[in-house]
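Student: Attaching a predicted model along with its sequence, questions to come.
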Amino acid sequence: MSNMSERIKGLFSFVKSKSFFKQVGIAIAGVLIFVFLLQWWLGVTTNHGQKIQVPNLDKLSLAEVEKKLNEFDLEYVVIDSASFNPNYPKKSVIEQNPEAGDFVKEKRKIYLTLNPSKYRDVEVPDLNGRTRRQATTHLRSIGFIVGDKVTWVKDLGKDVVRGLKFEGKRIEAGIKIPKQSTINLILGDGNGG
C-alpha cells in the first residue's frame with residue numbers, strides 16, 4: 001500500500017515540476033506548428049482562395065468551348081445530348097454545370113449538355129381508316145406537324161385517312177422521319193370509289 005501512495009506522490013510531484021510543464025508546452029507548440037504547416041500545405045496544393053469565374057458557353061461549338069476554357073485553365077466533359085432545340089446551333093452547348101458566373105478553381109471540369117444535330121427520328125403510325133381529326137391529334141401528340149396541303153382521293157369515306165405525304169412523297173407506316181417534320185394527309189373525298 002505504501003508503494004502505491006509513493007507512486008501517487010511521485011506523480012503529483014512530477015505534474016507540479018518544471019519538467020512536466022516544459023513537455024506539455026513542447027507538445028502544444030508541436031501541435032500548433034503541425035496545424036499551421038498543414039493549413040499552409042493545403043492552401044498551396046488546393047489553390048485556396050483562387051477563384052475563376054466560369055464563362056458563358058451557351059450556344060458555343062465544342063471547338064469554341066475548348067478554346068475559351070483553355071484561357072481559364074478549365075476542362076470540360078460532355079455528359080449528354082438534350083432534345084433538339086431549333087433555337088440553338090447544332091452540336092452547341094445548351095446547358096452547363098457549374099453555370100456561367102459561378103466561381104471555381106483551376107482545372108475544374110465543366111459538364112456540358114449539347115444540342116443534337118437534328119430532331120430524333122419517330123416512327124410514322126398506321127392511320128389508314130382513321131378520321132382527319134383522329135389522325136391530326138395522333139400525329140401532333142408524337143411530335144409531327146400536320147400540314148395544310150391535303151390531297152383528296154376518290155373514296156366513300158369523307159375525311160378518312162387514305163395515306164400520308166412527307167416532302168411531297170407518299171410514305172408508308174413504320175418508316176422513321178425526324179420529329180417536327182410536316183406530314184400532309186391524303187383524305188377520302190366522300191364521293192364514292
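Tutor: That came in fine, so what should we check first? None of the values given here were measured: they were computed from a predicted structure.

Student: In this protein, where's the longest helix?
Tutor: helix 18-45 (DSSP state H).

Student: Tell me the helix or strand right after that helix.
Tutor: strand 52-53 (DSSP states H and E).

Student: quick one: strands adjacent to that following strand?
Tutor: According to DSSP bridges, strand 52-53 forms sheet pairs with strand 103-104 (antiparallel).

Student: For the partner strand, what is the distance to the chain centroid?
Tutor: 18 Å (C-alpha atoms, centre = their mean, to the nearest Å).

Student: pLDDT (mean, whole number) over the helix or strand following it?
Tutor: Using DSSP H and E, the helix or strand that follows strand 103-104 towards the C-terminus is strand 109-114. Strand 109-114 comes out with an average pLDDT of 91.

Student: Give me the buried positions along the longest helix of the chain.
Tutor: With burial defined by 16 or more other C-beta atoms under 10 Å, not one residue of helix 18-45 is counted as buried. Placement of C-beta: from N, CA and C, glycine included.

Student: what is the mean pLDDT for that helix?
Tutor: Here the average pLDDT along helix 18-45 is 84.

Student: Show me the chain divided up by domain.
Tutor: Segmentation of the chain into domains, based on automatic domain parsing, reads 52-114, 121-189.
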